[in-house]
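Asks: Just need the structure, nothing else, for what follows:
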Amino acid sequence: MKEFKLVTPVAFIIFNRPNTTERVFAEIAKAKPTRLLVVADGARIGIVGEAEKVTATRAIIDRVDWDCEVLTHYSDVNLGCKIRPATGIDWVFKQVEEAIILEDDCLPDATFFRYCQELLERYRYDQRIAMISGDNFQFGYRRNDDSYYYSRYTHIWGWATWRDRWQNNHDLKLAHWPKVKDEGLIYDIVSNRKEAQYWTDIFDRVYSGELNSCWDYQWTFACWLQGRLTILPSQNLISNIGFGADATHTIVEIDVANLPLEALSFPIKHPLGVICNKTLDDRAFKRVFLRSFSLRVKNKLTRIVRSFLGR
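Replies: Modelled structure (predicted):
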């Protein structure tokens, strides 16, 4: 078998966590991409020691020692976890047509890169597909021996997509939400009243500005608005190692934290047809989205207490 070579650009979003960044960078270094695009936020004013952590995190990128074009998009000021990833990905797709995207706490299995590259090529011109994710939240359950399945969920702990799917579709302001809500279109997408209410509540909060620290819900909305599906692997290729006290959002650990990695076998076995796997999506909604709601509340309360205590 011909040796795999990673020619797909890799985008790496970093901030202030040198420990997790170093672990993810080590896996990127093993894959040796020919282009690495690094997006970094600036330190927050008044957070003691954060400027030093930001500097230490960026210094890890200087360790690139393979044949690689490194492009950086570093902010001198703190833009926050809503604006910085979104504008960073905007910048990435001004440079390249397609990219594999990793954040500083998303540890990939070695086979993740080949999986993304092969499927980016296969679905490059198939507008039914929004993105390719490395996440599997089925906890070992699978319906068949296919290498992946199609989902309505846009899991972004290690993913890949194309310029034409992102540009002119992702909208942080969620401008089309009032019309979608008024026409009851979320129910048409998820076909379940409980889930439709779940997502309606989220999109309401994003649109109103109450939920003002995210960019990924807007990406889900954009993909649904275009009627596009996500490719999810039948086994988990990404482990989120960022849960803990120093995290921005993922403070309280949930079921999908630190999931074990499973190497994907090649050649990839493709599903029959392009059909959303509602059975697996319904399982994920019950196991991941509903069960994590109470923990998100705990995260919010923890952030409030930390802010009050000045930590």
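Asks: Please identify which helix or strand holds residue 196.
Replies: In this structure, residue 196 sits in helix 193-208 according to DSSP states H and E.
Asks: Summarise which helices and strands the helix or strand following that helix is packed against.
Replies: Downstream of helix 193-208, the first helix or strand assigned by DSSP H and E is helix 216-225. Helix 216-225 sits against helix 177-182, helix 193-208, with contacts defined as 3 or more C-beta pairs under 8 Å, 6 or more residues apart in numbering; DSSP states H and E. In this view, the C-beta of every residue, glycine as well, is placed from N, C-alpha and C.
Asks: The residue positioned nearest the centre of the chain in helix, strand or coil?
Replies: Per C-alpha atoms, centre = their mean, the C-alpha nearest to the average position across the chain is that of residue 156, at 1.7 Å. Of the three states, residue 156 takes coil under DSSP: H, G, I helix; E, B strand; the rest coil.
Asks: And the one 5 residues further on, by the same measure?
Replies: When the structure is split into helix, strand and coil by three-state DSSP, residue 161 lands in strand.
Asks: Can you tell me, leaving aside adjacent residues, what's nearest to it?
Replies: What sits nearest to residue 161 in space, not counting adjacent residues and going by C-beta to C-beta, 6 or more residues apart in numbering, is residue 131, at 4.1 Å.
Asks: beta partners for that neighbour?
Replies: Counting by DSSP bridges, residue 131 is bridged to residue 230.
Asks: so what pLDDT did residue 193 get?
Replies: pLDDT for residue 193: 94.
Asks: likewise residue 41?
Replies: pLDDT, read off for residue 41, is 98.
Asks: before we move on, what about residue 289?
Replies: 88.
Asks: again with residue 306
Replies: 46.
Asks: what number of residues lie near the closest residue to residue 84 other than its chain neighbours?
Replies: Leaving aside its chain neighbours, residue 84 sits nearest to residue 41 (4.2 Å; criterion: C-beta to C-beta, 6+ apart). When neighbours are defined as other C-beta atoms under 10 Å, residue 41 has 24 of them.
Asks: Likewise for the one 10 residues further on?
Replies: By other C-beta under 10 Å, the residues close to residue 51 number 14.
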